[in-house]
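K.L.:
Sequence first, then the predicted structure:
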Amino acid sequence: MSLGKPLKHFLDLDAFDGAMLRQLVDDAQRMKSARQGLPKGQCDDDAPLTGRMLALVFEKPSTRTRISFDVGMRQLGGECMFLDGRDMQFGHGETVGDTSRVLSRYVDAIVLRSKRHQSLLDLARTASVPVINGLTDKTHPCQLMADIMTFEEHRGPITGKTVTWSGAGNNVCASWIHAAVRFNFVLRIACPAEIEPDPAVMAWARAQKGRVDIVRDPYEAVAGTSAVVTDTWVQMSETDNLGEGGTRSRHNSLVRYRVDERLMQAAGKDAIFMHCLPAHRGEEVTDAVLDGPQSVVFDEAENRLHSQKAVLRWALT
């Protein structure tokens, strides 16, 4: 139960200022460096979350988010339990608010991976413990903390640099927009008109004087960029709604935005390639790029662990 102190939810990047997010990235890098050479199952030296319990409530499948939060909590000295939302009365048979109040009596923090962003907001509104966004249909902020960390490991401070997104304007793209504003870098979004980012997120970026632009030509978008980023063309939550015909149409619209060797050559040899994974090889990215020398996708995957440890430590200490 909360003792009256403000809860430190981690819901979206736009809720924080750049200095706060910078501190989290720096903390993640520090914790990563401190663990060099240690077994994965060994606790950090200070084990700051000893005795704490984290609940992972997942309505959607996961590899990186689930494992990285689980291992991260254990390395910080705490424990973790996984709860499949399909096996709970989460939003069906019981309101999200009632489940939230019950979970708050059992655990010290909750990570939610949800089909609906509103479920995350309802959970945070009624919980008396910190709530962390493990992905929704609108955003994926934990991924972006790992992405910023990874970019800076390979290309130095991201402030003032240019990043290019090529593909659908989805939830991960929305968090890249938030990050561009908070970390003060240029973001070019190459996408078709029918699959642009959320207009509300773009309006927010404009109001914040962010340097975020939509570009139709992917080759124009990658000129002089420091990183090329993409994601799957159809999200897990969209498959049922689109159907086979809608999925085929989506693919037809996005094929010119595929990240292949020719596009990376246009970006230049110093541009890195990023993808949050899982990747649909041959669709949004070719094997040659994903497995090529400019790809840092597996560093991104590892850094989910370190960046989320920074978020957990911040939320619970």
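P.N.:
Perfect, thanks for sending it.

K.L.:
next structured bit after the lowest-mean-pLDDT helix or strand in the chain?
P.N.:
Within the chain, no helix or strand scores below helix 239-254, which has a mean of 72 by mean pLDDT, DSSP states H and E. Later in the chain than helix 239-254, the nearest helix or strand by DSSP states H and E is helix 261-267.

K.L.:
I'd like to know which elements that following helix is packed against.
P.N.:
Judged by 3 or more Cβ pairs under 8 Å, 6 or more residues apart in numbering; DSSP states H and E, the packing partners of helix 261-267 are helix 218-222, strand 227-230, helix 287-290. (Each C-beta comes from the backbone N, C-alpha and C, glycine too.)

K.L.:
Tabulate those (a markdown table), appending mean pLDDT.
P.N.:
Below are those laid out as a markdown table (pLDDT from 0 to 100):
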| stretch | mean pLDDT |
| --- | --- |
| helix 218-222 | 98 |
| strand 227-230 | 98 |
| helix 287-290 | 98 |
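
K.L.:
right, and the ones you listed - which one's nearest residue 137?
P.N.:
Among those, the nearest to residue 137 by Cβ to Cβ is strand 227-230 (18.4 Å).

K.L.:
Indicate each strand paired with that closest one and its parallel or antiparallel sense.
P.N.:
Using DSSP bridges, the strands paired with strand 227-230 are strand 162-166 (parallel), strand 272-275 (parallel).

K.L.:
Between these, which one is closest to residue 77.
P.N.:
That would be, of the strands paired with strand 227-230 and by Cβ to Cβ, strand 272-275, which comes in at 31.0 Å.

K.L.:
ok now the closest one, how far from the chain's centre?
P.N.:
In terms of Cα atoms, centre = their mean, to the nearest Å, the centre of strand 272-275 is found 14 Å from the chain centre.

K.L.:
for that strand, what is the average pLDDT?
P.N.:
Mean per-residue pLDDT for strand 272-275: 98.
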